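Participant: below is the structure, and that's it, no one-letter string:
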DNA sequence: CGCCACTCTGTGACTATGTCACCCAGCAGC
DNA sequence: GCTGCTGGGTGACATAGTCACAGAGTGGCG
């Protein structure tokens, strides 16, 4: 039950479906929802596990990824404030195991509702339905995009696009703080390959690398055609 | 409008949600649905296009695949009798473009309903909701599986699993009728690579190849660990 | 300060897969 | 039998992943 008016206001701010929803549904939502705090690194779902709850993020981000037997992984997508993991939703609604891993990347504050409520509201509230469908379609699109990138785009372009994206998202700072390993995991590649590609970019004068950081000197030289990931 | 009692019976047989549905919904469904016949090769949706209708297959199969700029492709999944393309459904429900191609593999007989009805029934009928969610989760799982296979499984195992699967699905015939190109497209690889791998398997005595056909001599020698695709 | 443990990075050799360029084989229509 | 088409074979090369190991930065601690 969420009673604190400030918390309610935050929810309304992040989740449009609550603003457009009928009064009844909104009250029911506040009545049944529970706030939760998860530390960074917390495993929300694991491959093959089942999900009994749907979490709507208020603050922090989670990363959803596939992990192979050999230890390699790919990031499929992230969820941030105002979003929720649809795959979880889909699993809840059809009672299937969750086909990937989800972990907290940062500490997360979220609102949690049970599977039964999720299902019930699908019948009761149009805005809630729209919200859930929107999430499903969005994530589906992202996963399709990842697949597309992995199969059809050369890795150097994907790396360039990723760096560019990170750089812009961070407000075009002088330095990016990340490791080769982290980039590899993001792209579903391996560290050595990323190291080599970065070396190549460094040779071209596009960037300079250091332990745990990458300095973008000339983003134009990266050769990214557009943002892929 | 579907009036023919035989056609109605066929629908009931293929789609469980119609059997468990309320009488009202069933009548509404028959009232609004339309049967359609599509020839083999017909393009149902194309990448980036939008979908105005949801098709429920009664007979025939469709293949949903991703196509890269270079012309390579991967099969994501198929839909057969009693199924429907969820991605279409997700797109309908969230008004997003369709992120892949869908074509008829064989001639298809289907029942088509408009996007507005699809949305409306989501509110009105629990069995319909279950049906749609089930499809979404199932396809989502298949796409995740493809991603997993592409990233983490060696191609020779994927090929072996595919051959084994085809062979079993066809009732363990003496011959499989397919081309190297078709197998490549299925796995998201290229013809030359498949040719080489098949050559290797032939060398091992697992099969014999001929123009447009593959004879499985000893399925055990394929080396498939389990069915991947 | 110097040592140590740890993480991150660099590199070479090798394998797997994809791409390109051709050529050849089987089959159908004329 | 010619011809054209589709399917198959192959070598050379490019890209990407794996393995093994060396070395470089960093922080804790005596």
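Facilitator: Arrived safely, thanks for sending. What you are looking at is a predicted structure, and each value in this text was computed from that prediction instead of being measured. Numbers count the residues shown, from 1 in each chain, chains lettered A, B, ... in the order given.

Participant: pLDDT below threshold where in chain A?
Facilitator: For chain A, applying pLDDT under 70 flags the ranges A:225-229.

Participant: try it again with 80
Facilitator: For chain A, the stretches with pLDDT under 80 are A:86-95, A:223-229.

Participant: quick one, domains of it?
Facilitator: Split into domains by automatic domain parsing, chain A comes to A:5-151, A:153-222.

Participant: and the closest residue to residue A:110 other than its chain neighbours, which helix or strand is it part of?
Facilitator: Distance criterion C-beta to C-beta, 6 or more residues apart in numbering or on different chains; nearest residue to residue A:110, sequence neighbours excluded, is residue A:55 at 4.3 Å. (C-beta placed from N, C-alpha, C; glycine too.) Residue A:55 belongs to strand A:53-59 when elements are defined using DSSP states H and E.

Participant: looking at the domains of chain A, which is nearest to DNA strand D?
Facilitator: Shortest distance between DNA strand D and these, using C-beta to the nearest atom of the strand, is found for domain A:153-222: 3.3 Å.

Participant: and chain A, which residues reach chain B?
Facilitator: Selection of chain A residues close to chain B by C-beta under 8 Å from any C-beta of the partner chain yields A:66, A:68-70, A:72, A:74, A:76, A:87, A:90-91, A:93-94, A:96, A:99-100, A:122-123, A:126, A:129-130, A:133-134, A:136-138, A:140-141, A:143-148, A:150-152, A:188.

Participant: circling back to that earlier point, tabulate the domains of chain A (JSON lines), appending mean neighbour count.
Facilitator: JSON lines is the format used below for the domains of chain A (neighbours: other C-beta atoms under 10 Å in any protein chain shown):
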{"stretch": "domain A:5-151", "mean neighbour count": "18"}
{"stretch": "domain A:153-222", "mean neighbour count": "16"}
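
Participant: can you add distance to residue B:83 and give the ones you listed back as CSV?
Facilitator: Below are those laid out as CSV (distance: least, C-beta to C-beta, whole Å):
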stretch, distance to residue B:83
domain A:5-151, 14
domain A:153-222, 29
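
Participant: would you check how far apart the residue of chain A most remote from its centre and chain B are?
Facilitator: For chain A, the residue at maximal distance from the C-alpha centroid (C-alpha atoms, centre = their mean) is residue A:203, at 32.5 Å. Between residue A:203 and chain B the distance is 27 Å, computed by C-beta to the nearest C-beta, to the nearest Å.

Participant: show me the contacts for that residue.
Facilitator: With contacts defined as C-beta atoms under 8 Å, 6 or more residues apart in numbering or on different chains, residue A:203 has no neighbours.

Participant: around DNA strand D, which positions in chain A sit nearby?
Facilitator: Residues of chain A lying near DNA strand D by C-beta under 7 Å from any atom of the strand: A:70, A:72, A:154-156, A:188-190, A:192-193, A:197, A:210-211.

Participant: in these, find the pair that's most separated.
Facilitator: Distance extremes for the residues of chain A next to DNA strand D: the farthest pair is A:70 and A:210 at 28.9 Å, using C-beta to C-beta.

Participant: pull up the residues of chain A that are close to DNA strand C.
Facilitator: Residues of chain A found near DNA strand C (C-beta under 7 Å from any atom of the strand) are A:179-181, A:191-192, A:195-196, A:198-199, A:209, A:211-212.

Participant: re the thing from before, between the residues of chain A next to DNA strand D, which is nearest residue A:10?
Facilitator: residue A:188 (34.8 Å).

Participant: ok so, going back, so how far is residue A:221 from the residue farthest from the centre of chain A?
Facilitator: Going from residue A:203 to residue A:221 by C-beta to C-beta, to the nearest Å gives 10 Å.

Participant: what of residue A:168?
Facilitator: 16 Å.

Participant: what do you get for residue A:177?
Facilitator: 21 Å.

Participant: how about residue A:15?
Facilitator: Per C-beta to C-beta, residue A:15 is found 41 Å from residue A:221.

Participant: so of the residues of chain A next to DNA strand D, which ones are in helices?
Facilitator: Taking DSSP state H as the definition of helices, the residues of chain A next to DNA strand D contribute A:155-156, A:192-193, A:197.

Participant: now the residues of chain A next to DNA strand C as TSV including distance to residue B:28?
Facilitator: Output for those, formatted as TSV (distance: C-beta to C-beta, whole Å):
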residue	distance to residue B:28
A:179	57
A:180	58
A:181	55
A:191	57
A:192	59
A:195	61
A:196	60
A:198	59
A:199	64
A:209	63
A:211	65
A:212	61
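
Participant: tell me the one among those nearest to residue B:26.
Facilitator: Nearest to residue B:26 among the residues of chain A next to DNA strand C: residue A:181, at 55.8 Å, using C-beta to C-beta.

Participant: same for the helix or strand containing the closest one, what does it pack against?
Facilitator: Using DSSP H and E, residue A:181 sits within helix A:180-187. Counting by 3 or more C-beta pairs under 8 Å, 6 or more residues apart in numbering or on different chains; DSSP states H and E, the packing neighbours recorded for helix A:180-187 are strand A:73-79, helix A:155-169, helix A:191-203.

Participant: out of these, which gets nearest to residue B:172?
Facilitator: Comparing the helices and strands packed on helix A:180-187 against residue B:172 with C-beta to C-beta, the closest turns out to be strand A:73-79 (35.6 Å).

Participant: name the residues that touch the closest one?
Facilitator: With contact meaning C-beta under 8 Å, 6+ apart, strand A:73-79 is reached by A:57, A:61-67, A:85, A:100-101, A:105, A:139, A:142-143, A:146, A:150, A:185-188, B:147, B:151.

Participant: quick one: that strand to chain centroid distance?
Facilitator: 6 Å (C-alpha atoms, centre = their mean, to the nearest Å).

Participant: now the angle between strand A:53-59 and the following helix or strand past it, please.
Facilitator: As assigned by DSSP H and E, the chain's next helix or strand after strand A:73-79 is helix A:86-94. Angular relation of helix A:86-94 and strand A:53-59 on a 0 to 180 degree scale: 150 degrees, by axes from the mean of the first three to the mean of the last three C-alpha atoms, to 10 degrees.

Participant: so which elements touch helix A:86-94?
Facilitator: Applying 3+ C-beta pairs under 8 Å, 6+ apart, one finds that helix A:86-94 contacts strand A:53-59, helix A:115-124, helix A:126-152, helix B:126-152.

Participant: now do whichever helix or strand comes after that helix: which elements does it pack against?
Facilitator: Remark: after helix A:86-94, the chain's next helix or strand is strand A:101-104, criterion DSSP H and E. Using 3+ C-beta pairs under 8 Å, 6+ apart, the elements in contact with strand A:101-104 are strand A:43-45, strand A:62-67.

Participant: can you list contacts of strand A:101-104?
Facilitator: By C-beta under 8 Å, 6+ apart, strand A:101-104 touches A:38-47, A:60-67, A:73, A:85, A:88.
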